[in-house]
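Trainee: Pasting a predicted model and its sequence here:
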Amino acid sequence: MALKSTIFKVELQVSDLDRAYFHSHALTLARHPSETDERMMVRLIAFVLSADDALEFGRGLSTDDEPDLWRRSLTGEVVDWIEVGLPDERRLRRACGRAEQVSVLTYGGRVAQTWWEQNEAQLCKQPKLAVIDLPAEATRELAVRVARTMRVNCTVQEGDLWFDVDGTMLHVVPEIRQGRRSVPGR
């Protein structure tokens, strides 16, 4: 018998001063049985960085032909393809062929640094690709705050993120390794 995903409800308020985007989102996050709380929260960070009414979560870890998040045009073309973690370089190359913009949010500290060092030469050949690393201590701290229902406010200013998760404030400073963060609709 297969294990089912665990469902999390997130009331997300995004105040992105960099993009002049201010909106509330009622999100349902399905955490795959093999997914950690930390990875799920990194998916939430990915949503915040590209928040848009058309941004959708993919079907999950077991689906090879979809990203963690994506935004498609009204005609079905992939505008934004967003991966979380340490994806295979070939997968990213294929994504760059399918989408207008591709972003990867890495996390995990030393393991993410090792992944970058091993793949940097090939990834730098992809002009549509942005690689953003999140500090391990920040993603771990967000993971500690996971609850089945969460109220999350996030302010984005000059690339930094300030999270208020059910009354606890956390500061996340992403490191841009390649490209720059995608800005939907611009």
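Mentor: Looks like it arrived, so ask away. Numbers count the residues shown, from 1 in each chain.

Trainee: Tell me if Leu29 really is in a strand.
Mentor: Yes - according to DSSP: H, G, I helix; E, B strand; the rest coil, Leu29 belongs to a strand.

Trainee: Bridged to it, which residues?
Mentor: Phe8 (DSSP bridges).

Trainee: give me the low-pLDDT residue ranges for this protein?
Mentor: By pLDDT under 70, the low-scoring segments of the chain are 1-2, 60-64, 180-186.

Trainee: Look at the most centrally placed residue in the chain and tell me its secondary structure.
Mentor: In the chain, the residue lying closest to the centroid (C-alpha atoms, centre = their mean) is Ala46, at 2.2 Å. Secondary structure, three-state DSSP: Ala46 is helix.

Trainee: what about Glu66, neighbour count?
Mentor: Counted with other C-beta atoms under 10 Å, residues neighbouring Glu66 total 14. Every residue, glycine included, has its C-beta placed from N, CA and C.

Trainee: Next, the distance between the ends of stretch 47-65.
Mentor: 19 Å (C-alpha to C-alpha, to the nearest Å).

Trainee: Please apply the same query to stretch 59-69.
Mentor: Rule used - C-alpha to C-alpha; the end-to-end distance of stretch 59-69 is 9 Å.

Trainee: now do stretch 151-163
Mentor: 10 Å.

Trainee: contacting residues around the nearest residue to Thr149 once chain neighbours are set aside?
Mentor: Once flanking residues are discounted, Thr149 sits nearest to Lys9: 4.7 Å by C-beta to C-beta, 6 or more residues apart in numbering. The neighbourhood of Lys9, defined by C-beta atoms under 8 Å, 6 or more residues apart in numbering, consists of Ala26, Leu27, Thr28, Leu29, Arg148, Thr149, Met150.
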